[in-house]
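S.K.: no letters, just coordinates:
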Ligand code: TNX
């Protein structure tokens, strides 16, 4: 299992077998629990061929909501299995598998959904095949009590350098949630392209989402407002929060191509499809700048139910330090005005921030003064150190895809760090969570995206979810090995890292 659960207690002779009579019973009166039940049934039906009806009356797999637990009891004594050891937080769950049935208890539907991902991994890899398989669908008996170490476990995908469609993004979400990832950060705008339709500023997407706006002249592509809303809803059904990023004040050439009034002198600028960074900037001293940003922030906030709005803030080499400060100080209250919490790359923490703002550390240095100061001031930090968490770095010098400015990242490198140990002044209590960013300069297809994501993302996912005490490379690499047949069955391309003793074949019970 990845991420490894907080507590696993196997029980001999208590295996449960899913068969043609198995039904799923969900918490009475909860539409959300019902949808999680339907989600589980939909996962199990193709390979098993069973009907797996979902209802509130009967069923040997029960998904129950029980908020009356005692969070302090974690990890629980055995005295009263109905009451003790209940996990805290929305994503915690308790799973009991016995010969007579399976019971999941959680305080919230997100916990039921997390437990469904665990159940999926407990079944043979053939469960992930798209069509009927012969097999014994045995869940190993025992009890799991589980909850996340960090609330935020994210992936970022850059859809500005190369665009990916709503359907591709949905399929990516399907792959990510299996590792209990709960945030998808979308890098929507950059020098090359602008990928989200904005009311009142149609040229952003007509021009800068048009043909020839991807790196090396690929494209076109952008998310319509309806497409974005559809994606947000799809993600929410899977307990994934979309974090939209509008990068500013740098990385804005595409906006300036569409609207030259956003440049210092109002003169037209050329489309750029190379991969240089740090040459474009919004103008801190111009009111047009903030009128534009307010329209964009208002619209993005209105389309996004989640709490965060990411304002980029990285690599603003074309903005003076004074302008950068002026700019960030103007934008922070604008985001708050539309009810969102600011996330920004850690350069933003060079400016004094409200404690609700979240710096995202993407550096490779051993220290970062601004991030440490923000943490001391009460901000929570997202950890994405580029030499560990960047999914766009090459695995080895021979990797055909990816970049190497932060080094080569094999699976052991991706796994071998601790978010609460990475930066002086940023300890366990300051860490909101982890995120693995995937920049798309070299990625042209969903297969490219998956090949860079797997198998490294599971390493970051485990670091974000599992208790620190479970961290163990030997255990991890052997557990990771079991995902090869699952990814093959799901049609998910992955890099066959030689460090991992990949399982080649599925051994079948019958
Ligand atoms: C740095 S990481 C960037 C991006 C690039 C990336 C490539 C960050 C906040 N900015 O503009 O795409 O490197 O790895």
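M.R.: Sure thing, it's come through. Only a predicted model underlies this, so the values are computations on that prediction, with no experimental measurement involved. Numbering: from 1, shown residues only.

S.K.: going by C-alpha atoms from here, please, whenever you check contacts or count neighbours.
M.R.: Fine.

S.K.: just give me the neighbour total for the residue of the stretch 151-300 of the chain found nearest the ligand.
M.R.: At 6.1 Å from the ligand, residue 277 is the closest residue in the stretch 151-300 of the chain, using C-alpha to the nearest ligand atom. Neighbourhood size, residue 277 [other C-alpha atoms under 10 Å]: 15.

S.K.: looks to me like it is in a helix.
M.R.: No: under DSSP: H, G, I helix; E, B strand; the rest coil, residue 277 falls outside any helix and is assigned coil.

S.K.: give me the pLDDT for it.
M.R.: According to the prediction, residue 277 has pLDDT 98.

S.K.: then residue 504?
M.R.: Residue 504 carries a pLDDT value of 88.

S.K.: run through the residues that contact it.
M.R.: Neighbour list for residue 504: 484, 485 [criterion: C-alpha atoms under 8 Å, 6 or more residues apart in numbering].

S.K.: which element is it on?
M.R.: Assigned by DSSP states H and E, residue 504 falls within no helix or strand.

S.K.: state the distance from it to the ligand.
M.R.: 32 Å (C-alpha to the nearest ligand atom, to the nearest Å).

S.K.: report the closest residue of the stretch 201-350 of the chain relative to the ligand.
M.R.: Closest point on the stretch 201-350 of the chain to the ligand, by C-alpha to the nearest ligand atom, is residue 314, at 4.9 Å.

S.K.: that residue against residue 350, yeah?
M.R.: No: the pair residue 314 and residue 350 does not pass the contact test of C-alpha atoms under 8 Å, sitting 11.0 Å apart.

S.K.: what count of nearby residues applies to residue 285?
M.R.: By other C-alpha under 10 Å, 12 other residues sit near residue 285.

S.K.: for residue 431, give me phi and psi.
M.R.: The phi and psi values for residue 431, taken as degrees, to the nearest 10, are phi -90, psi 120.

S.K.: same question for residue 351.
M.R.: Per-residue torsions, residue 351: phi -100, psi 150 (degrees, to the nearest 10).

S.K.: what does residue 248 give?
M.R.: Torsion angles, degrees, to the nearest 10, at residue 248: phi -160, psi 160.

S.K.: what about it, neighbour count?
M.R.: Neighbour count for residue 248, taken as other C-alpha under 10 Å: 25.

S.K.: over to the one 3 residues further on?
M.R.: Other residues lying near residue 251 total 28 when counted by other C-alpha under 10 Å.

S.K.: does it belong to a helix, a strand or coil?
M.R.: For residue 251, the assignment made with three-state DSSP gives coil.

S.K.: mind pulling up the pLDDT for it?
M.R.: 98.

S.K.: is it true that it touches residue 275?
M.R.: No: using C-alpha under 8 Å, residue 251 is not in contact with residue 275, being 10.8 Å away.

S.K.: near the ligand, which residues of the chain?
M.R.: 314, 345, 362, 439 (C-alpha under 6 Å from any ligand atom).

S.K.: mind listing the helices for the stretch 151-300 of the chain?
M.R.: Using DSSP state H, counting those that start in this stretch, the helices of the stretch 151-300 of the chain run over residues 166-177, 203-208, 225-237, 253-258, 287-303.

S.K.: can you put those in CSV and add mean neighbour count?
M.R.: CSV is the format used below for the helices of the stretch 151-300 of the chain (neighbours: other C-alpha atoms under 10 Å):
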stretch, mean neighbour count
helix 166-177, 17
helix 203-208, 23
helix 225-237, 17
helix 253-258, 26
helix 287-303, 17
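
S.K.: and of those, who's closest to residue 339?
M.R.: Closest approach to residue 339 among the helices of the stretch 151-300 of the chain is made by helix 287-303 (7.4 Å; C-alpha to C-alpha).

S.K.: what number of residues lie near the residue nearest to residue 400 when sequence neighbours are not counted?
M.R.: Of all residues not flanking residue 400 in the chain, residue 394 sits nearest, at 7.8 Å (C-alpha to C-alpha, 6 or more residues apart in numbering). If you count neighbours by other C-alpha under 10 Å, residue 394 ends up with 21.

S.K.: can you pull the contacts of residue 394?
M.R.: Residues near residue 394 by C-alpha under 8 Å, 6+ apart: 400, 401, 402, 403, 404, 407, 408, 409, 410, 452.

S.K.: cool, and residue 283?
M.R.: Shown here is residue 283, whose contacts under the criterion C-alpha under 8 Å, 6+ apart are 249, 262, 263, 264, 289, 323.

S.K.: please tell me how far the first one sits from residue 16.
M.R.: What that stands for is residue 249. 56 Å (C-alpha to C-alpha, to the nearest Å).

S.K.: for these two, indicate the residue with more neighbours.
M.R.: Neighbours were counted for residue 249 and for residue 16 using other C-alpha under 10 Å; residue 249 has more, 26 against 20.

S.K.: quick check on residue 118: phi, psi?
M.R.: Main-chain torsions, residue 118, degrees, to the nearest 10: phi -70, psi -50.

S.K.: does it really touch residue 1, like I thought?
M.R.: Yes: the pair residue 118 and residue 1 passes the contact test of C-alpha under 8 Å, sitting 7.1 Å apart.

S.K.: who's more crowded, the two?
M.R.: More neighbours surround residue 118 than the other of residue 118 and residue 1, with 22 against 18 (other C-alpha under 10 Å).

S.K.: now stretch 367-379: buried residues?
M.R.: Residues of stretch 367-379 classed as buried: 368, 370, 371, 372, 373, 374, 375, 378, 379 (neighbour count, 16 or more other C-alpha atoms under 10 Å).

S.K.: same check on stretch 37-53?
M.R.: For stretch 37-53, a neighbour-count test (16+ other C-alpha under 10 Å) marks 37-41, 43-48, 50-53 as buried.

S.K.: among the residues you listed, which are located in helices?
M.R.: Within the buried residues of stretch 37-53, residues falling in helices by DSSP state H are 37, 38, 39, 40, 41, 43, 44, 45, 46, 47, 48.

S.K.: not counting sequence-adjacent ones, nearest residue to the last one?
M.R.: Of all residues beyond its chain neighbours, the one nearest residue 48 is residue 132 (5.8 Å), with distances taken as C-alpha to C-alpha, 6+ apart.

S.K.: go on, the fifth one?
M.R.: Ranked by C-alpha to C-alpha, 6+ apart and with sequence neighbours excluded, the top spatial neighbour of residue 41 is residue 52, at 5.9 Å.

S.K.: that older thread, how close does the residue nearest to residue 400 get to the ligand?
M.R.: Distance from residue 394 to the ligand, by C-alpha to the nearest ligand atom: 10 Å.

S.K.: returning to what we had before: will you turn the ones in helices among the buried residues of stretch 37-53 into TSV that also has pLDDT?
M.R.: Shown next, in TSV, are those (pLDDT from 0 to 100):
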residue	pLDDT
37	98
38	98
39	98
40	98
41	98
43	98
44	98
45	98
46	98
47	98
48	98
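
S.K.: tell me which two of these sit farthest apart.
M.R.: 37 and 47 (16.9 Å).

S.K.: looking at the helices of the stretch 151-300 of the chain, which is closest to residue 341?
M.R.: Comparing these against residue 341 with C-alpha to C-alpha, the closest turns out to be helix 287-303 (10.0 Å).
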